[in-house]
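> Predicted model follows, preceded by the sequence.
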Amino acid sequence: MPLSPSDTAPRIALVGATGAVGTTLIQLIEERGFRYREIHLVASSRSAGRELTVEGRTCRVEALDTFDFSAVDLAFFSAGSSVSRKWVPSAVAQGALVIDNTNAFRMDPATPLVVPQVNADELDRRPSSGIIANPNCSTIPLVRLLRPVEDRWGIRQVVVSTYQAASGRGHSGITELHEASRSALEDPSAQGPAVEFTPTLAFNVVPFIDELLDTGFTLEEQKMLQESRKILGLPHLDVTTTCVRVPVVNGHSEAAWIECDDVVARDELVRLLAAQPEVTVHDKDTIGAFPTPRTAGAPDHVHVGRIRVAPHNPRGFWVWVVADNLRIGAALNALQIAEALTERGTL
Ligand SMILES: NC(=O)c1ccc[n+]([C@@H]2O[C@H](COP(=O)([O-])OP(=O)(O)OC[C@H]3O[C@@H](n4cnc5c(N)ncnc54)[C@H](OP(=O)(O)O)[C@@H]3O)[C@@H](O)[C@H]2O)c1
């Protein structure tokens, strides 16, 4: 029973509780039995007063602009970067430790960027900023595979193409994909809604996510480079990415070419990846097997398949990776940070 009368369990707030990440976080708190003393569900004034159920109890959504963060020990922010930029500093000033799911503070030197399976030691002490940042949804599964490869063979270069689902744009992204798909089936010449995704995502593939930078890369692509370097503590790591939106409801995929300093043996690579926590390797016994967003199973695992060492260059190999962006890429990673903080007594 997560609700704990113990004085040591934290009082928590979920900002963005009505969103795709926020509702996933509520589910995970229930599923994993995360202990808390009080829970506050917070969203915009549009949702204030709405009722959500947590563990069979009805909770009323509170409005962010009047919420008192001195009443909580830990606040999860999943309401967009601009909301975090505006409200996280006051939450910290009122004494809350913040786990932020947005891009707002990820590259701030005083804010650790944490994937617990990779750099949980960052959670041994309370950060000076009062914020722990949750990385980008495509970066999290990638670094969980890069860490053991770097330790074993050294990494020379990583080339990644992502295949990112509509749920990466939250509830409205999912709704728009459904509506645009229905409309395209009825009338293939109709454009359908294209607000979250331009051009339309229905029956389409869009190689553009987030804003365009002067380099010609997108911000999403830059995040994967900068965040991987920060999490792995490898400031010169060479990661280059093309981020693509695909008409999948939920579950991001990635095709990654990883070139190492030394020759890689496929058998050893498969054993190494399969030994990582919460990683499922699909072609362990059947070469060529692969996960897909709809068939991968175990939503709290990173799924890997199509592991291919290149015959002409055995220092390099390809992997196909699938991970639930709302869980692994956002809410689960955030909750695992909170679990690690609780275990360490850092809260
Ligand atoms: N979706 C993913 O896969 C994913 C992965 C990693 C990180 N993230 C990040 O997580 C954040 C939330 O994403 P999402 O997918 O959950 O989006 P979403 O489904 O659109 O939900 C947005 C949430 O933020 C709240 N919100 C919006 N404006 C607000 C304001 N001015 N004040 C207070 N609350 C406000 C919304 O409340 P109302 O219901 O009241 O509007 C809702 O609860 C984003 O920053 C996103 O980049 C998402």
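Yes, it's here. This one's a predicted model, so the numbers in the text were calculated from it and none came from an experiment.

> residue ranges for the helices of this structure, please.
20-32, 81-93, 116-119, 139-153, 170-186, 219-232, 266-274, 332-344 (DSSP state H).

> Report the angle between the fifth one and helix 20-32.
Between the axis of helix 170-186 and that of helix 20-32 there is an angle of 110 degrees, by axes from the mean of the first three to the mean of the last three C-alpha atoms, to 10 degrees.

> Next, the buried residues of helix 170-186.
G170, G173, I174, E176, L177, A180, S181, S183, A184 (16 or more other C-beta atoms under 10 Å). Bear in mind the C-beta positions are built from the backbone N, C-alpha and C, glycine included.

> In this structure the first one contacts G19, no?
Yes: G170 is within contact range of G19, at 5.5 Å (criterion: C-beta atoms under 8 Å).

> returning to that earlier point: let me know the closest of the buried residues of helix 170-186 to the ligand.
G170 (2.6 Å; C-beta to the nearest ligand atom).

> Check the buried residues of helix 170-186 one by one and keep those near the ligand.
Among the buried residues of helix 170-186, the ones lying near the ligand by C-beta under 6 Å from any ligand atom are G170.

> now the buried residues of helix 170-186 as TSV including distance to F197 and pLDDT?
Output for the buried residues of helix 170-186, formatted as TSV (distance: C-beta to C-beta, whole Å; pLDDT from 0 to 100):
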residue	distance to F197	pLDDT
G170	12	98
G173	7	98
I174	11	98
E176	6	98
L177	7	98
A180	8	96
S181	12	96
S183	13	95
A184	13	94
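
> Show me the two of the buried residues of helix 170-186 that sit farthest apart.
Spatial extent of the buried residues of helix 170-186 (C-beta to C-beta) is set by the pair G170 and A184 at 21.5 Å.

> which parts of the stretch 101-250 of the chain sit against the ligand?
Residues of the stretch 101-250 of the chain lying close to the ligand (C-beta under 6 Å from any ligand atom) are N101, T102, C137, S167, G168, G170, H171, S172.

> Let me know the pLDDT of the last one.
Among the per-residue scores, S172 shows a pLDDT of 98.

> Next up, the contacts around it.
V195, E196 (C-beta atoms under 8 Å, 6 or more residues apart in numbering).

> Against P193, how distant is it?
S172 sits 10 Å away from P193, going by C-beta to C-beta, to the nearest Å.

> Let me know whether T342 touches R35 as I believe.
Yes: T342 is in contact with R35 according to C-beta under 8 Å; the separation is 7.4 Å.

> where do the strands sit along the chain?
Using DSSP state E, the strands of the chain run over 11-15, 38-43, 51-54, 57-60, 62-63, 74-77, 97-100, 131-133, 155-164, 239-245, 252-260, 279-281, 302-310, 313-323.

> Distance from the fourth one to the middle of the chain?
It refers to strand 57-60. 27 Å (C-alpha atoms, centre = their mean, to the nearest Å).

> what does the first one give?
Taking C-alpha atoms, centre = their mean, one finds the center of strand 11-15 at 19 Å from the center of the full chain.

> May I see the domains of this protein written out as residue ranges?
11-135+329-344, 139-165+205-324 (automatic domain parsing).

> gap between the two ends of the first one?
What that stands for is domain 11-135+329-344. This stretch, domain 11-135+329-344, spans 17 Å end to end (C-alpha to C-alpha, to the nearest Å).

> Tell me, how many residues neighbour the closest residue to L219 other than its chain neighbours?
Once flanking residues are discounted, L219 sits nearest to D210: 4.0 Å by C-beta to C-beta, 6 or more residues apart in numbering. D210 is flanked by 16 other residues according to other C-beta atoms under 10 Å.

> how about D210, phi and psi?
phi 70, psi -160 (degrees, to the nearest 10).

> dump the residue contacts of it.
D210 neighbours (C-beta under 8 Å, 6+ apart): T218, L219, E220, K223, C243.

> The same query, at a cut-off of 6 Å, please.
T218, L219, E220 (C-beta atoms under 6 Å, 6 or more residues apart in numbering).
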